[in-house]
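**Student:** Fold the following for me, if possible:
(2 chains)
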Protein chains: 2
Amino acid sequence: MQVAIPLQIAIEELSKLPSVGEKTAQRIALHLLSLDEYNVQMLAKSLINLKEKLHFCKRCYNITEKEFCEICENPKRDSNLICVVENINDVISIEKSNEFNGLYHVLGGVLNPLAGIGIEDIRIKELVKRVQIEKIDEIFLALNPDTEGETTTLYLTKVLKPFGKKITKIPTGLPVGGDLEFTDRATIGRAILSRVEV
Amino acid sequence: MQVAIPLQIAIEELSKLPSVGEKTAQRIALHLLSLDEYNVQMLAKSLINLKEKLHFCKRCYNITEKEFCEICENPKRDSNLICVVENINDVISIEKSNEFNGLYHVLGGVLNPLAGIGIEDIRIKELVKRVQIEKIDEIFLALNPDTEGETTTLYLTKVLKPFGKKITKIPTGLPVGGDLEFTDRATIGRAILSRVEV
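**Tutor:** Coordinates of the predicted model:
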């Protein structure tokens, strides 16, 4: 049989989401069919609200309902320290650690020549402008330790060096609770090279 | 920081979906934020349409936009053969195999006393009524070969026996391309007991 058209369309739309394959999309769609209409409306409305109510903070490009985000507006945060991240997911992860009290700058991506993402495609210009205008002591480049992240870290270091600020980055090492036996060679190699005194 | 309220609500709603944990919900929500408003509207609308346009077929409880589903209305399908399945997912899977040409009866669940799903909670009454009214030769009980599925098969066999129809079920065995070495003992045991002549 041909799957009913509205079901087919919903499966197609759901399949476009990250981490959702066709099988999962079908399971989700059939699950929604079994719910009350009210619950499905609530879900649909919450997705529309996302786009309608949220936009980027004018200073750091985090998301917010207002002009500036909660973090930028919080007088208790240390505005001399700015943490540069790839995307909003990273802001959420770092905030959850409760260890960072500075401000952010969300690049909206990392340099990836193979995927056609260049210097103009991420918010490097905006970062440089902030470094020129704001009173910043330290720029913490918290990008993922993979090829694209490290390329971006390297490029940003080169661009920001002339401003004479302290530039830091995430150390590579073993995660808390990690196990040498199950750690890849590259990570172990790096950990050895960047070993710290106790 | 507190995650922005509309984002928090969307993550919460998405987390309620099957196969979507909190991390995936967050990834999906942030992905939606990066899309055009039009695309998010399309997704939301497709979910609402699901509930508004689709309902159960009055005969077999498959989903349809009309009163009776495409399968029940198709004169080329063999109405003497009725395949009993747990849910609509199974109808889709069986249809994809292109090997079944009869009609369906969707129970909407299987007997599961531990989860509080009893005889009155699935469409057994409706099945018995069809067997009484319709001209049916064979009832093919295509329920999963797990505890709940087999309990349901057993119960249905008992209930349907008095009508004198042929009752069949899914054979247990190895899947096509399967490997004895990696098959569990229970499956191998069953396969031996139900071995067929070649």
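
**Student:** so how far is the longest strand along chain A from its chain's centroid?
**Tutor:** For chain A, the longest strand by residue count, based on DSSP state E, is strand A:78-85. Chain-centre distance of strand A:78-85: 15 Å, with C-alpha atoms, centre = their mean, to the nearest Å.

**Student:** and the next element down the chain from that strand?
**Tutor:** helix A:88-97 (DSSP states H and E).

**Student:** That next one and chain B in contact?
**Tutor:** Yes - interface with chain B: helix A:88-97 contributes A:88, A:89, A:91, A:92, A:95 (C-beta under 8 Å from any C-beta of the partner chain). In this view, the C-beta of every residue, glycine as well, is placed from N, C-alpha and C.

**Student:** now the angle between strand A:78-85 and that helix, please.
**Tutor:** Here helix A:88-97 runs at an angle of 130 degrees relative to strand A:78-85 (axes from the mean of the first three to the mean of the last three C-alpha atoms, to 10 degrees).

**Student:** what's the most centrally placed residue in chain A in contact with, if anything?
**Tutor:** By C-alpha atoms, centre = their mean, chain A has its centre lying nearest to residue A:87, at 2.3 Å. Residues in contact with residue A:87 (C-beta atoms under 8 Å, 6 or more residues apart in numbering or on different chains) are A:106, A:107, A:108, A:109, B:30.

**Student:** In the residues you listed, which residue is surrounded by the most others?
**Tutor:** The residue in the contacts of residue A:87 with the most neighbours, by other C-beta atoms under 10 Å in any protein chain shown, is residue A:106 (25 neighbours).

**Student:** who touches it in this structure?
**Tutor:** A:56, A:60, A:61, A:62, A:85, A:86, A:87, A:88, A:90, A:91, A:123.

**Student:** The same query, at a cut-off of 7 Å, please.
**Tutor:** For residue A:106, the contact set (C-beta atoms under 7 Å, 6 or more residues apart in numbering or on different chains) comprises A:60, A:61, A:62, A:85, A:87, A:88, A:91.

**Student:** Closest to chain B out of those?
**Tutor:** residue A:88 (5.5 Å; C-beta to the nearest C-beta).

**Student:** max-length helix in chain A?
**Tutor:** helix A:37-53 (DSSP state H).

**Student:** Give the other helices and strands that that helix contacts.
**Tutor:** When contacts are defined as 3 or more C-beta pairs under 7 Å, 6 or more residues apart in numbering or on different chains; DSSP states H and E, helix A:37-53 packs onto helix B:5-15, helix B:22-33, helix B:37-53.

**Student:** Indicate which one of those is closest to residue A:152.
**Tutor:** Closest approach to residue A:152 among those (C-beta to C-beta): helix B:22-33, 19.1 Å.

**Student:** helices or strands up against that closest one?
**Tutor:** Right, helix B:22-33 is packed against helix A:37-53, helix A:88-97, helix B:5-15 by 3+ C-beta pairs under 7 Å, 6+ apart.

**Student:** Pick out the shakiest of those, pLDDT-wise.
**Tutor:** Among the helices and strands packed on helix B:22-33, helix A:88-97 carries the lowest mean pLDDT, at a mean of 88.

**Student:** Following element in sequence after that helix, please.
**Tutor:** That would be, after helix A:88-97 and using DSSP H and E, strand A:102-106.

**Student:** Now do that next one, average pLDDT.
**Tutor:** Strand A:102-106 shows a mean pLDDT of 96.
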